[in-house]
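Colleague: the following block contains a protein sequence and its predicted model.
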Amino acid sequence: ILAQAHIGSRFSRHQSLAPCDRSTRLQAIMSLKLQKRLAASIKDCGKGRIWLDPNEANEISMANSRFNIRKLIKDGLIIRKAVKMHSRSRVRKNLDAKRKGRHTGIGKRKGTREARMPTKVLWMRRQRVLRRLLRKYRQQKKIDKHIYHYFYRHSKGNCYKNKRVLVEAIHKMKAEKMKAKALVEQSEARKEKAKLAKQKKLEKKEEAQRADGKK
């Protein structure tokens, strides 16, 4: 009997409260749809970003024009919420770690080595670096057009794996050219010296012959 009475009382309580609560809640929700739409239109944003003061639901529900909605916005009963921040701090932190070589093991790789970093791209980068250096040296008159052409062709022929090797090769060739030039100059100077000495000797010989002829 007690159980029946308890069930009956519970049923009667639900029956008396639930429909009323539901209707008022639905009425409040339905009544504020228009206000939210108008506020979104006025504030030029989506309806999701509009905040309606729950304590002033009755007053807000009475506003049925843009003029009234503007007044409520001015009073602070309707607010446009700030855009949610989409932080990139974690992304930056992860990228910094990747630059150090973290998170790049076998398990993190998708795609073959060629797909991840094509050899053609590496080749193009290397050629551009080497050719840029050669152009710069030619403009600064560090190398002439013949040396430029020689190293341009050899760069394309995969003779230099990086800029440092190319610079060393340029310095080596310039040193060799300078050495060869110095040797040529020395030999020319020696020849000139020998020529002068020979000429002097001939002049002395002719003078001696003349002196003998006079006697």
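Modeller: Sure thing, it's come through.

Colleague: measure the residue nearest the centre of the chain to residue 104 for me?
Modeller: Against the mean C-alpha coordinate of the chain, by C-alpha atoms, centre = their mean, the closest residue is residue 95 at 11.5 Å. Separation of residue 95 from residue 104 (C-beta to C-beta, to the nearest Å): 11 Å. Just so you know, the C-beta spots here come from the backbone N, C-alpha and C atoms, and that holds for glycine as well.

Colleague: and residue 79, that's in a helix?
Modeller: No - counting by DSSP: H, G, I helix; E, B strand; the rest coil, one finds residue 79 to be strand, located in no helix.

Colleague: quick check on the spatially closest residue to it that is not a sequence neighbour: phi, psi?
Modeller: Nearest residue to residue 79, sequence neighbours excluded (C-beta to C-beta, 6 or more residues apart in numbering): residue 51, at 4.6 Å. Per-residue torsions, residue 51: phi -110, psi 130 (degrees, to the nearest 10).

Colleague: what is the burial count for residue 51?
Modeller: When neighbours are defined as other C-beta atoms under 10 Å, residue 51 has 13 of them.

Colleague: pLDDT at it, what is it?
Modeller: Looking at residue 51, its pLDDT reads 96.

Colleague: ok, now the one 4 residues further on?
Modeller: If you check residue 55, the pLDDT there is 93.

Colleague: ok, the one 10 residues further on next?
Modeller: pLDDT, residue 65: 94.

Colleague: from residue 34, how far off is it?
Modeller: 10 Å.

Colleague: looking at the two, which is more packed in?
Modeller: A direct count of neighbours by other C-beta under 10 Å for residue 65 and residue 34 places residue 34 higher, at 14 against 10.

Colleague: confirm for me that that one is in contact with residue 62.
Modeller: No - counting by C-beta atoms under 8 Å, residue 34 stays clear of residue 62, with 11.1 Å between them.

Colleague: does residue 138 belong to a helix or a strand, and which?
Modeller: helix 119-139 (DSSP states H and E).

Colleague: elements contacting that helix?
Modeller: Here helix 119-139 touches helix 145-156, helix 163-214, going by 3 or more C-beta pairs under 8 Å, 6 or more residues apart in numbering; DSSP states H and E.

Colleague: and that helix, what's buried?
Modeller: Going by neighbour count (16 or more other C-beta atoms under 10 Å), the buried part of helix 119-139 is 126, 130, 131, 133, 134, 137, 138.

Colleague: farthest pair in those residues?
Modeller: Farthest pair in those (C-beta to C-beta) is 126 and 138. Separation: 18.9 Å.

Colleague: tilt between the helix holding residue 138 and helix 163-214?
Modeller: 40 degrees (axes from the mean of the first three to the mean of the last three C-alpha atoms, to 10 degrees).

Colleague: so which of the helices and strands packed on helix 119-139 is nearest residue 82?
Modeller: helix 163-214 (50.2 Å).

Colleague: what packs against the closest one?
Modeller: Helices and strands touching helix 163-214, by 3+ C-beta pairs under 8 Å, 6+ apart, are helix 119-139, helix 145-156.
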